[in-house]
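Student: mind looking at a prediction? Sequence and model below.
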Amino acid sequence: MSENEKGANAMSANAPKAGNEGVYHLQLKPGDVPGYVILPGAPERTALIARHWEDVCQVASCREFRTVSGAYKGTRLAATSTGIGGPSSEICIHELNVLGVHTCIRVGTTGSITPRFDLGDLIIPVACVRRDGTSVSYVGPEFPAFADTRVVMALIQACENLGFRYGLGLACTVGSFYAGQGRPLGEGGYWPSFAENIIPDLQQARVTNIEMETAAQYVVGYLHGMRMGAVLSVIANRPLDRWGDQGGEEKACLTACEAMKILEKQDMARGWNDI
Ligand code: URA
């Protein structure tokens with residue numbers, strides 16, 4: 001094949017396409033997802049979210065990215081898993097934006113570092129400390145990672161309607177689960193002096209919880225003009241060294257569905273028909 005022919009057959013390296021002509025990683029095409037998308041980390045959690053929906057259909061599944069679509073109490077929603085951490089979150093948010101998605105709510109788990117939140121409680125992060133390692137590829141470290149106010153208000157309303165224990169938080173998003181979150185690496189393992197102070201220093205700064213995705217999603221989503229929010233269930237109580245779901249994951253999933261319903265109703269009332 002000549003260089004000319006190769007050029008004619010090749011895709012754009014800047015915006016590669018999937019085999020089905022969809023966006024490259026998510027393998028979704030325009031029209032596959034509505035404007036409102038819930039973002040769990042784990043692919044299996046898409047099914048947990050869709051348990052509350054009608055007309056459920058798995059649209060695509062590739063690597064960590066699984067997408068289901070359906071309707072919650074009449075509101076068309078999709079759930080796309082992001083995988084763990086900032087890099088796969090960035091891919092997911094960008095490709096959803098290409099498809100016209102305007103509103104995302106992350107559903108995930110987190111470790112609480114304050115006595116305010118125990119296992120099974122829900123935290124709605126209004127902002128994050130940016131140690132995600134991905135958002136610095138987009139903007140400098142002084143740029144804030146913050147949630148959309150309307151999405152936060154809808155999440156608050158959803159928790160109130162459902163009677164769940166919740167609170168607003170300041171999260172720290174870290175591109176590490178073990179050392180970067182101050183988890184010792186075992187007897188004789190790597191343990192630099194700064195690791196000892198990670199949690200105490202965040203506690204001094206009144207940070208409420210640690211997790212791995214939200215800051216990257218808030219920054220990348222904001223820069224794309226999207227409305228971003230998150231509801232995180234506490235699966236780790238770091239000061240007491242306890243781990244357990246206590247029903248929090250299920251509550252977070254339902255809260256996100258209910259918040260999307262509230263947002264869609266408000267958007268329609270303001271004449272933004274799926275924006
Ligand atoms: N996710 C995290 O990143 N850390 C925790 O402690 C719990 C969930």
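Tutor: Sure thing, it's come through.
Student: so who does Ala18 touch?
Tutor: If you count contacts by Cβ atoms under 8 Å, 6 or more residues apart in numbering, Ala18 has them with 24-27, 62. C-beta here means a position set from N, CA and C on the backbone, and glycine is covered the same way.
Student: let's have those in CSV, adding secondary structure, pLDDT and distance to Val234.
Tutor: Shown next, in CSV, are these (DSSP: H, G, I helix; E, B strand; the rest coil; pLDDT from 0 to 100; distance: Cβ to Cβ, whole Å):
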residue, secondary structure, pLDDT, distance to Val234
Tyr24, coil, 95, 35
His25, coil, 97, 30
Leu26, coil, 98, 29
Gln27, coil, 97, 33
Cys62, strand, 96, 31
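Student: which of these are buried?
Tutor: 25-27, 62 (16 or more other Cβ atoms under 10 Å).
Student: closest to Glu95 out of those?
Tutor: Taking Cβ to Cβ as the measure, Glu95 lies nearest Leu26 of the buried ones among the contacts of Ala18, at 4.7 Å.
Student: these two touch, right, that closest one and Ala60?
Tutor: Yes. Look at Leu26 against Ala60 with Cβ atoms under 8 Å: they come within range, at 6.2 Å.
Student: any common contacting residues for the two?
Tutor: Common contact partners of Leu26 and Ala60 (Cβ under 8 Å, 6+ apart): Thr67.
Student: show me which residues of this protein are close to the ligand?
Tutor: The chain has residues 109-111, 177, 181, 210-212, 235-236 near the ligand, with proximity defined as Cβ under 6 Å from any ligand atom.
Student: narrow those to those that are buried.
Tutor: Using 16+ other Cβ under 10 Å, the buried members of the residues of the chain next to the ligand are 109-111, 181, 210-212, 235-236.
Student: export the residues you listed to TSV and tack on distance to Ile49?
Tutor: Formatted as TSV, these follow (distance: Cβ to Cβ, whole Å):
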residue	distance to Ile49
Thr109	14
Thr110	17
Gly111	22
Gln181	25
Ile210	23
Glu211	18
Met212	19
Ile235	17
Ala236	21
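Student: still on that earlier bit, what's the closest of the buried ones among the contacts of Ala18 to Glu264?
Tutor: Using Cβ to Cβ, Leu26 comes nearest to Glu264 of those, at 21.8 Å.
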